[in-house]
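Engineer: Curious how this folds, go ahead:
(2 chains)
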Number of protein chains: 2
Amino acid sequence: MTRLFNFSAGPATLPESVLLQAQAEMLDWNGVGASIVEISHRSADFIAVAAQAEADLRSLIGIPDDYAVLFLSGGATTQQALLALNFAAPGQAVDYVVTGHWGKTAIKQVSPYVHVHIAANGEPGGFHDIPARDSWTLTPDAAYVHITANETIHGVEFRDAPVVGDVPLFADFSSSIASEPVDVSKYGVIYAGAQKNLGPVGVAVVIIRRDLLERSGQPRADIFDYRSHAARDSMLNTPPTWNWYLAGLVFKWMLAEGGVDEFARRNATKSRLVYEAIDSSGGFYRNDVVPQARSRMNIPYFLPDETLTARFVAESKAAGLLALKGHKAVGGLRASLYNALPVQAAQALVDFMRDFQQRNG
Amino acid sequence: MTRLFNFSAGPATLPESVLLQAQAEMLDWNGVGASIVEISHRSADFIAVAAQAEADLRSLIGIPDDYAVLFLSGGATTQQALLALNFAAPGQAVDYVVTGHWGKTAIKQVSPYVHVHIAANGEPGGFHDIPARDSWTLTPDAAYVHITANETIHGVEFRDAPVVGDVPLFADFSSSIASEPVDVSKYGVIYAGAQKNLGPVGVAVVIIRRDLLERSGQPRADIFDYRSHAARDSMLNTPPTWNWYLAGLVFKWMLAEGGVDEFARRNATKSRLVYEAIDSSGGFYRNDVVPQARSRMNIPYFLPDETLTARFVAESKAAGLLALKGHKAVGGLRASLYNALPVQAAQALVDFMRDFQQRNG
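Structural biologist: Numbering: from 1, shown residues only, chains lettered A, B, ... in the order given. Next comes the predicted model:
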């Protein structure tokens, strides 16, 4: 058994201690005579696991009591559609700030339901920066303002919650949740697929300021109604129990390691190492994002040509550095540095980058 | 490590050999240096796993080429809503045949979108039988006719696909898929949560006759569009990879054990054992479903009073027979006998039932 350094953008690397625990418990969880994936979600055993996971996530991120926390299946994309169904009237204006690929995807999901107004768009600038706040054209009676806290493909990250007045701010935090302290009270909704910083793919976390649940939204199936999920503690239907359990193990690991403050330090260290290697390469490696908008989680970067890129991908994999190929939408390379990726992995990557440059530069 | 006989209605027992393989591969799958839950769904490695799972399911159930097979998150309840969004025009008539709790749930999901006509309803008879086919009032221009192939709470199962003419038949097969041979060509859509006969909770299978995908349906988010999922091989967004992988291991196990024919034999044996124990108990145990509609998968049954029921639940658990408490909607006891439950488990249950009756009858 060999564990390599895994820079996958998601599904992404998980803490080894969590996988070891899941492995040990795979056939008999907690002495009940069955795996946790084989027991009822309505059993006292599983309900305790679910409640503990919520309590630990609340503690980890600092979620105020006036926010509901849901654990749902369907990933972040499904939540993007549900935002409009739950919180906007049919055809109501909603404001979207687009800073990369996922902001565009978010718009695609809600277009059938609402009037999408693009309040700011980084695409004309190649998604290399976040449009200045004073250039945003917000709609006064919008149902919400939507941002993507971190863009995994374009490597653009908000450093702080933008001030948007009385309209609630909704944020896709799929790739940066729990990676540094966040003031939840500045947001109406925070949502995230778990598969980057929180745990395995197959479960999403949705954090909702409770007063928003009083909005009537639009006609929708009960299974698309956040109120119904909140009223049933995310067990309106059979939830993805194993995925929820594994996320809970990751929360416990993060708390034991020192919580979000500690991961903020590690993530700053990792991303600084890689950006310094890029910026000190004399142009051999190139990242196009302006420094103040650079993501700490996902670093897309480029070599002078496709031949070198292919060689880098093959040689880095052979050296035990996995999944460094860039997303097909932009090409090049990408290093994802989520919570569970150790600092040693980033150090190993920059050592490899320097060696690769010496041999090919 | 002790594995007990697990009669859970779902999430349900899984084959021990599958759990052992998942356990062995938990930290390093197939020598790639990472768990399968940590690698990209767009990697060649995972795409091969996904394609093999589809091929094995097609082989197992006998799915014709003119049917698409989707692996989606969200469980069966989400699919219930998507049926109306994808296959019915706004407000169009749809026919539902209700033979238990889940038929009613299916109606709840689509009510905001379509005109639901209840073509037949077993509730006045206490859900003890399937209303005779010649009593059904079908709508000639309905978008589809919906049945629940097996009702897990009321223990009522269709023995054959009802003939409904030219209107496509849609069936919730969550609790009986792959438990006996089925003629897929008699259905327009078959859907199922995996967590009973196919694998772990967190992934659903949807089998769709391809011509139905040409229907325009109603305005919906891209993530709610079966056409989009079909066009992207169920990777429109990040799918629940670990759950899909584990389902694939279950398919391989079922094929190796002899396929659906063999499981039909085992399931007939198990259910016959339990029904005989009930029917030969002189009224001590009671199942109210008429013999021709009795489920092979879920057997709800009752003792003379609540005190005995509580004692049965406690003593059977102490004897290593898990999760025999009935669903709260009907009370009593329930034995679920899905594919991965061995015949020895059913034998152990009836042995316990006879012993319990001797001591308490």
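
Engineer: Please count neighbours and contacts with C-alpha atoms only from this point.
Structural biologist: Noted.

Engineer: which residue ranges form the strands in the stretch 1-150 of chain A?
Structural biologist: A:5-6, A:67-72, A:93-98, A:115-121, A:145-148, A:150-151 (DSSP state E, counting those that start in this stretch).

Engineer: List the contacts of residue A:187.
Structural biologist: A:161, A:168-171, A:209 (C-alpha atoms under 8 Å, 6 or more residues apart in numbering or on different chains).

Engineer: Dump the residues you listed to TSV, plus pLDDT and secondary structure.
Structural biologist: Formatted as TSV, these follow (pLDDT from 0 to 100; DSSP: H, G, I helix; E, B strand; the rest coil):
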residue	pLDDT	secondary structure
A:161	97	coil
A:168	98	coil
A:169	98	strand
A:170	98	strand
A:171	98	strand
A:209	98	strand
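
Engineer: on that earlier part again, ranking the strands of the stretch 1-150 of chain A by mean neighbour count, which comes first?
Structural biologist: strand A:150-151 (a mean of 28; mean count of other C-alpha atoms under 10 Å in any protein chain shown).

Engineer: In the sheet, which strands lie alongside that one, parallel or antiparallel?
Structural biologist: strand A:156-157 (antiparallel) (DSSP bridges).

Engineer: As a check, name the ranges of all helices in the stretch 101-250 of chain A.
Structural biologist: A:101-110, A:226-231, A:241-257 (DSSP state H, counting those that start in this stretch).

Engineer: other SSEs contacting the longest one?
Structural biologist: Contact analysis of helix A:241-257 by 3 or more C-alpha pairs under 8 Å, 6 or more residues apart in numbering or on different chains; DSSP states H and E lists helix A:16-24, helix A:44-61 as its packing neighbours.

Engineer: Next, see if the shortest one gets close to chain B.
Structural biologist: Spelled out, it's helix A:16-24. Yes. Applying C-alpha under 8 Å from any C-alpha of the partner chain, one finds helix A:16-24 touching chain B at A:16, A:19-20, A:22-24.

Engineer: Buried residues, that helix. List them.
Structural biologist: In terms of neighbour count (16 or more other C-alpha atoms under 10 Å in any protein chain shown), helix A:16-24 has its buried residues at A:18-19, A:22-23.

Engineer: what's the closest of the residues you listed to residue B:332?
Structural biologist: residue A:22 (33.8 Å; C-alpha to C-alpha).

Engineer: ok, and the closest non-adjacent residue to the closest one?
Structural biologist: Spatial nearest neighbour of residue A:22, chain neighbours left out: residue A:246 (7.3 Å); criterion: C-alpha to C-alpha, 6 or more residues apart in numbering or on different chains.

Engineer: Contact partners for the one you found?
Structural biologist: A:18, A:22, A:199-200.

Engineer: again, but for residue A:236
Structural biologist: A:223, A:228-229.

Engineer: how does chain A divide into domains?
Structural biologist: A:17-256, A:259-360 (automatic domain parsing).

Engineer: deepest of the ones you listed, which one?
Structural biologist: domain A:17-256 (a mean of 20).

Engineer: Give me the distance between residue A:84 and residue A:189.
Structural biologist: 12 Å (C-alpha to C-alpha, to the nearest Å).

Engineer: I should have written residue A:113 there, sorry.
Structural biologist: 18 Å.

Engineer: Turn the contacts of residue A:246 into TSV, columns for pLDDT.
Structural biologist: Formatted as TSV, the contacts of residue A:246 follow (pLDDT from 0 to 100):
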residue	pLDDT
A:18	98
A:22	98
A:199	96
A:200	97
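
Engineer: Could you export the longest helix along chain A as CSV, CA atoms only?
Structural biologist: Across chain A, the longest stretch assigned as helix under DSSP state H is helix A:259-279. Extracted in CSV, the C-alpha atoms of helix A:259-279 (Å, rounded to 0.1, in the frame of the first residue of the first chain):
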residue,chain,number,x,y,z
GLY,A,259,-9.4,23.8,13.6
VAL,A,260,-9.8,26.3,10.8
ASP,A,261,-7.1,28.6,12.1
GLU,A,262,-4.5,25.9,11.8
PHE,A,263,-5.7,25.0,8.3
ALA,A,264,-5.6,28.6,7.3
ARG,A,265,-1.9,28.6,8.3
ARG,A,266,-1.1,25.4,6.4
ASN,A,267,-3.0,26.5,3.3
ALA,A,268,-1.2,29.9,3.3
THR,A,269,2.1,28.1,3.6
LYS,A,270,1.3,25.6,0.8
SER,A,271,0.0,28.2,-1.7
ARG,A,272,2.9,30.6,-0.9
LEU,A,273,5.4,27.8,-1.7
VAL,A,274,3.8,27.1,-5.1
TYR,A,275,3.3,30.7,-6.1
GLU,A,276,6.9,31.6,-5.2
ALA,A,277,8.1,28.7,-7.3
ILE,A,278,6.1,30.0,-10.2
ASP,A,279,7.0,33.7,-9.7
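
Engineer: which residues touch that helix?
Structural biologist: Against helix A:259-279 from outside (C-alpha under 8 Å, 6+ apart): A:60-61, A:178-181, A:254, A:284-287, A:296-297, A:299, A:301, A:337-339, A:342-343, A:346-347, A:349-350, A:353-354.

Engineer: hmm, try it at 7 Å
Structural biologist: A:60, A:178-181, A:285-286, A:296, A:337, A:339, A:343, A:346-347, A:350 (C-alpha atoms under 7 Å, 6 or more residues apart in numbering or on different chains).

Engineer: Direction included, what does the helix or strand just after it pair up with?
Structural biologist: As assigned by DSSP states H and E, the chain's next helix or strand after helix A:259-279 is strand A:298-301. Counting by DSSP bridges, the strands paired with strand A:298-301 are strand A:333-336 (antiparallel).

Engineer: if we can go back for a sec, got the domains of chain A as a markdown table, with distance to residue B:122 columns?
Structural biologist: Shown next, in a markdown table, are the domains of chain A (distance: least, C-alpha to C-alpha, whole Å):
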| stretch | distance to residue B:122 |
| --- | --- |
| domain A:17-256 | 23 |
| domain A:259-360 | 53 |
